[in-house]
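1. Fold the stuff below for me.
(chains A and B)
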Amino acid sequence: MYRIESEEYQISQQPYYAPQGNEIELFESAYQNCIPVLLKGPTGCGKSRFMEYMAWRLGRSLVTVACHDDLTASDLVGRYLIVGGETQWVDGPLTRAVRIGGICYLDEIVEARKDTTVVIHPLADDRRVLPIDKTGELLYASDHFNLTISYNPGYQSVLKDLKQSTRQRFLSLEFDYPNEILEQSIIVHESGIDPGNAAALVRFAIMTRNLKGSGLEEGASTRLLIHAAKLMVYGVAPLDACNACISQTLTDDPEILTAIQEMASSLF
Amino acid sequence: MADRINYASGRVNQPLAEFEIRERLEDLLGAVLTSRRTAAEPALKLSHLHRSEQDFALHWTGVISKSNSEMAFQFVSHVTHAFSLLDTDGVTQWIIEAMDIYDRDGLYLGSAALRGVEVFAEKLVQKQYSVTFNDVVTVMNKFAIGVSGRHLGIDEDKKAWTDTETMYLPHSVRQFESSRRNFELYKAMVGFMLAQSRFGTFRVDQATGVPIVCTKIADYRDPARALRIFEAVEEHRLLARLEAELPGLARQMRTLKQDASSGQQITSEFPEFEQVQDSGATVNDSLSVVKQLYDKKVNFPEPACYQGVIDLERVRLVTRQRVEKEREKFRTDLALLAEGVQDESVLDREGLKRETYEVSYSQDMESDSQGDGELTVTIEGQPVAPPEDMVQTAKSIVQDFGEIPEDYLVPAETGLYDAGQSTEDRPEKEVGKFEDGVFYDEWDYRRCHYRKNWCVLKELEMHPGSAQTVTAILDKYFHLVRDIRKSFEALRGDERMLRRQKNGDDIDIDAVVDSYVDVVKGEELSERLFIKSRKMERNLAVVFMVDVSGSTKGWINEAERESLVLLSEALETLGDRYAIYGFSGMTRKRCEVYRIKTFEEPYNHHVKARMAGMKPQDYTRMGVVIRHLTEKLKRIDAKTRVLITISDGKPDDYDGYRGEYGIEDTRQALLEAKHAGIHPFCVTIDTHAHEYLPHMYGHVNYTVVSDIRKLPLKVSDIYRKLTT
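-> Here you go, the predicted model:
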């Protein structure tokens, strides 16, 4: 059997995470009570960072899977490979997380194929088992294992929706962009920019978020702000940094782009 | 000019000498030259130009002299001056325009046009650099929404001014000799008006409900003079405030102001202005400065180029109306919120007791009353999430008053908010007469239950128009149709590999490995070892519900028709099943749905004719139509079923189906659709849609297309995004 090195999934250094509310306590309670967790929220607001932080805090390994539309159940569970004329079973990330009693984080779960629910459902209710049909194994998750999935409710696609039968197995934590002061301090911490410019970046982000639904699908995320701040610290002019990291990233529509660029030039 | 001559001196083509030019001109213009009117003077002037310009001038002199020699003489006399004002393209335009005038109006006006080269040059520059309202309206709209977080209207007028709800901008701006600067001037105008509303220029007096400035200015003996002083002081204060919040914009505004006054020193400053430089200065500080300055015999600086005008009378009127409306709305919202939380026993007859709830509006950071805070409502110690439109109202109220006044915190009495809706008194039996229609229930939010068989709906065929119209639309959007087809083909061409097939184009390595494993384990060899690629069936059914109420008359109706044509092209490419219905009606007894295309019908010329025949009808009773189309969709066997509404506004019907009642019934109908496994979605062109659509459709299930001309382009785009 393939040996699992659980150390490679361990997070050794404390990741920076500034809590927005009581999400840390809630997650901890869910973890201690073996309840799976669903993280909702727009892109770039700190969901993945939160998972790293929680894994570090709880001292568990973290296995992250970025889901895409060709991700099948066997990609999660594992498959046989042939090695020197012999077959060898290789665990998928989900199986690995169950075996080592870590936290498995399925990012953007709605992107994955529908057949993944087959393996998620039995793991996410009180059975807490992972059936591996190819090996005939029934893997019981220890109390240390936790399944967390994330999804962005803001996508306007009727095909990408989380079914009730899936949702109703999870404790849900809602994430949003942090409030102004917190977001400012996050940017300062992550990029080393001065607070004045950080505040201007945050105001810029709020302006773009105001445009959500009026031409933008999504406002500027905290992640984008950190990118821009890093460039500014590196010596790029603020307007260029904002244009490259934020305005151009958000949209291709020339008129909205002009409006966003004008907002930036109003601030800097 | 100077650099051009220097530049020319290095050329191989040496400029022609004066005598050479004179000879050529005499040849060309002989007919109009006399002993006193010689070619000497023009020739002398031309000799200073460089060669390419000389050639240009001589060439055109020849061309013009073929039409009229006098015109040619006038031309050659002024062409040197023209070159000092315009580039070659400009000079060509000047010639062409003058010749047009000559052809049309004769020699007198034609030669006048040639002499008027200066006027022409000025006009050309303005035309080149001027920026018009239409150029900027979309960008400025988004800019204003982004900066303020509110949906303020933008409209066109003679000057820049605001009535506190709509910002008016001039038709065109041509103050600067660069379109970029003129664009910036528009931006500065919008920025200044946003600053007026953000920093409380029109702050309302709580006692009177009228902006403080209106009352104070009217008290002066010469209100016009007081207003002029106020404008000057206020400009100072707002710029100082902007400096702190939007330093980039403030910088741009200062530069514009400086340049517009063409370098003159504009700091005819008064020491009193210092009092409003403080970052916490309010409109009251400005007014007290006005008082100090009013009696001084001094001239005040000209208003800045972006400043616009203040119309106190309009401001007073609009503010008063809004204050009244919002006060009622806020109190009603509060009452509704309280009702939702409290159980019957607590809610006594007189409504809610003041002690039992608390409303607070917290401000973030050090900001003072700028409408950035957060509205929190606590009822009996329970925090309650206020609905989005209530938060918007609160924001607007705080912009007016700087806080939420005490008397707003008294919830409206129960029953107040359904005043004016008189649907109660209609006898329900009456409906029985309409036997050929289908009956539907309607949701009454006040009673919290359905009115049985309340609406009668008839399904009619849309009166056909000429299918030619559709062909014309297809021609008009020829390129777009091609693009749409292409992008939808890409969707359709989403080929999937089907693994583990009994036969197929390729060997499935995974399957072979697996079966190898099976064989090693001593199990049976699987037959399914191939990969087959096959088009995925989308298995999607969609109904389009198109608003053909009276309000869609004109542009909107046209845009809807064009949208449907483009969409049908797209859907035909894609192979999704779709149906299109128009809807309108008048009162609950005459709700009508017009068939344009059913699911079964192919996209043929009958359908096209019906699209062409789409005409605006009466009112918008949406709930019953949603229920009817939900029934239709339910009968279709598809994995995903979508109901897309294309509309221009709120639900609205003659017999009280408006306001809350209409919205709540529509919401209920949409919830029913969702329960039936149908995804509702709304595309609207109503820019106020943010106030009610989230409540009806949910936060992500609608899109506002603010520019109606873009509707045809957007609808297909939205559909594509929605279904991938």
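2. roughly how far out does the helix or strand containing B:Arg451 sit from the chain middle?
-> Using DSSP states H and E, B:Arg451 maps to strand B:449-461. From the chain centre to the centre of strand B:449-461 is a distance of 35 Å (C-alpha atoms, centre = their mean, to the nearest Å).
3. same check, this time on stretch B:86-102
-> Worked out by C-alpha atoms, centre = their mean, stretch B:86-102 lies 38 Å from the chain centre.
4. Just checking: what are the partner strands of the strand holding B:Arg451?
-> Strand B:449-461 pairs in its sheet with strand B:438-444 (antiparallel), strand B:591-597 (parallel), by DSSP bridges.
5. Lowest average pLDDT across these?
-> Of all the strands paired with strand B:449-461, strand B:438-444 carries the lowest average pLDDT, namely a mean of 85.
6. State the next helix or strand along the chain beyond the strand holding B:Arg451.
-> Criterion used, DSSP H and E; the element after strand B:449-461 is helix B:467-476.
7. quick one, which of the strands paired with strand B:449-461 is packed in tightest?
-> strand B:591-597 (a mean of 23; mean count of other C-beta atoms under 10 Å in any protein chain shown). Bear in mind the C-beta positions are built from the backbone N, C-alpha and C, glycine included.
8. And B:Val543, which helix or strand is it part of?
-> strand B:540-547.
9. and the angle from that strand to strand B:591-597?
-> Note on geometry: by axes from the mean of the first three to the mean of the last three C-alpha atoms, to 10 degrees, strand B:540-547 and strand B:591-597 are set 130 degrees apart in direction.
10. looking only at pLDDT, what's the mean for strand B:540-547?
-> On average, strand B:540-547 scores 88.
11. Same question for stretch B:25-40.
-> The model assigns stretch B:25-40 a mean pLDDT of 84.
12. Figure out how far it is from the centre of its chain.
-> 61 Å.
13. any idea where the helices of chain A begin and end?
-> Along chain A, the stretches classed as helices by DSSP state H are A:23-32, A:47-58, A:73-77, A:93-100, A:117-124, A:164-167, A:180-191, A:195-210, A:222-234, A:238-242, A:248-250, A:254-267.
14. between the ones you listed, which gets nearest to B:Met462?
-> Nearest to B:Met462 among those is helix A:254-267 (34.5 Å), distances taken as C-beta to C-beta.
15. Flag every buried residue along that closest one.
-> Neighbour-count burial for helix A:254-267, counted by 16 or more other C-beta atoms under 10 Å in any protein chain shown, picks out A:255-267.
16. Pull the number of nearby residues for the residue nearest to A:Arg223 when sequence neighbours are not counted.
-> Counting by C-beta to C-beta, 6 or more residues apart in numbering or on different chains, A:Arg223 lies nearest to A:Gly44, which is 3.5 Å off, once chain neighbours are set aside. Using other C-beta atoms under 10 Å in any protein chain shown, A:Gly44 has 19 neighbouring residues.
17. same deal with the one 4 residues further on?
-> Neighbourhood size, A:Ser48 [other C-beta under 10 Å]: 18.
18. isn't it right next to A:Ala66, touching?
-> No. In this structure A:Ser48 lies outside contact range of A:Ala66 using C-beta atoms under 8 Å: 9.2 Å.
19. list residues touching both of those two?
-> Common neighbours of A:Ser48 and A:Ala66, using C-beta atoms under 8 Å, 6 or more residues apart in numbering or on different chains, are A:Asp107.
20. How about the residues of the stretch 201-350 of chain B by chain A?
-> Contact residues (C-beta under 8 Å from any C-beta of the partner chain) of the stretch 201-350 of chain B with chain A: B:Glu245, B:Leu246, B:Pro247, B:Gly248, B:Leu249, B:Gln252.
21. just the buried members of those residues?
-> Here, 16+ other C-beta under 10 Å leaves B:Glu245, B:Leu246, B:Gly248, B:Leu249, B:Gln252 buried among these.
22. my guess is the last one meets B:Glu184, correct?
-> Right, B:Gln252. Yes. Applying C-beta under 8 Å, one finds B:Gln252 in contact with B:Glu184, separated by 5.6 Å.
23. and A:Tyr16, what does it touch?
-> A:Arg49, A:Tyr53, A:Ile186, A:His189, A:Glu190.
24. again, only this time at 7 Å
-> A:His189, A:Glu190 (C-beta atoms under 7 Å, 6 or more residues apart in numbering or on different chains).
25. Three-state assignment for B:Ser706, please.
-> coil (DSSP: H, G, I helix; E, B strand; the rest coil).
26. For it, which non-adjacent residue is closest in space?
-> In space, B:Ser706 is closest to B:Thr687, 5.5 Å off (C-beta to C-beta, 6+ apart).
27. Tell me if the one you found really is in a helix.
-> No. The assignment for B:Thr687 (three-state DSSP) gives coil, which keeps it out of a helix.
28. Neighbouring strands of the strand holding B:Val543 in the sheet, and parallel or not?
-> strand B:577-585 (parallel), strand B:640-647 (parallel).
29. Where does pLDDT dip in the chain?
-> You didn't pick a chain, so chain A it is. Residue ranges of chain A with pLDDT under 70: A:1-7, A:156-159.
30. not quite, I wanted chain B
-> In chain B, residues with pLDDT under 70: B:1-12, B:262-269, B:339-358, B:360-373, B:380-381, B:412-436, B:447, B:491-496, B:534-537.
31. can you list the domains in it?
-> B:2-129, B:131-310, B:315-418, B:430-458, B:496-535, B:540-722 (automatic domain parsing).
32. Going by neighbour count, list what's buried in the helix or strand harbouring B:Met497.
-> Secondary structure here is read from DSSP H and E; on that basis B:Met497 sits in strand B:495-501. Of the residues in strand B:495-501, B:Arg499, B:Arg500, B:Gln501 count as buried by neighbour count, 16+ other C-beta under 10 Å.
33. same deal with stretch A:32-43?
-> A:Ile35, A:Pro36, A:Val37, A:Leu38, A:Leu39, A:Lys40, A:Gly41, A:Pro42.
34. Could you give the bridge partners of the fourth one?
-> Each beta-bridge partner of A:Leu38 is listed here, defined by DSSP bridges: A:Ile149, A:Ser172.
35. unless I'm mixing things up, it is touching A:Ser172, no?
-> Yes. With contact defined as C-beta atoms under 7 Å, A:Leu38 reaches A:Ser172; the gap is 4.6 Å.
36. before we move on, back to that, can I get the strands paired with strand B:449-461 in CSV with distance to A:Asp126?
-> Output for these, formatted as CSV (distance: least, C-beta to C-beta, whole Å):
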stretch, distance to A:Asp126
strand B:438-444, 39
strand B:591-597, 49
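37. what about B:Asn701, how many neighbours?
-> For B:Asn701, using other C-beta under 10 Å, the count is 19.
38. for the stretch 101-250 of chain B, what spans make up the strands?
-> With DSSP state E, counting those that start in this stretch as the criterion, the stretch 101-250 of chain B has strands at B:131-132, B:153-156, B:161-162, B:166-169, B:172-173.
39. How far away from the center of its chain is the strand holding B:Met497?
-> 46 Å.
40. measure B:Phe19 to chain A for me?
-> Distance, B:Phe19 to chain A, using C-beta to the nearest C-beta, to the nearest Å: 56 Å.
41. count of neighbours near that residue?
-> 11.
42. cool, B:Val137 as well?
-> 18.
43. re the thing from before, who's in contact with the strand holding B:Arg451?
-> B:431, B:434, B:436-444, B:588-589, B:591-595, B:624, B:628.
44. hmm, 6 Å instead?
-> By C-beta atoms under 6 Å, 6 or more residues apart in numbering or on different chains, the residues outside strand B:449-461 that reach it are B:431, B:434, B:437-444, B:588-589, B:591-595, B:624, B:628.
45. Pull out the buried positions in it.
-> Quick answer for strand B:449-461 (16+ other C-beta under 10 Å): B:Arg451, B:Trp454, B:Cys455, B:Val456, B:Leu457.
46. List, one by one, the residues from chain A near chain B.
-> Neighbours of chain B within chain A, by C-beta under 6 Å from any C-beta of the partner chain: A:80, A:82, A:87, A:154, A:156-158, A:180, A:207, A:210-211, A:214-215, A:255-256, A:258-259, A:262-263, A:265-268.
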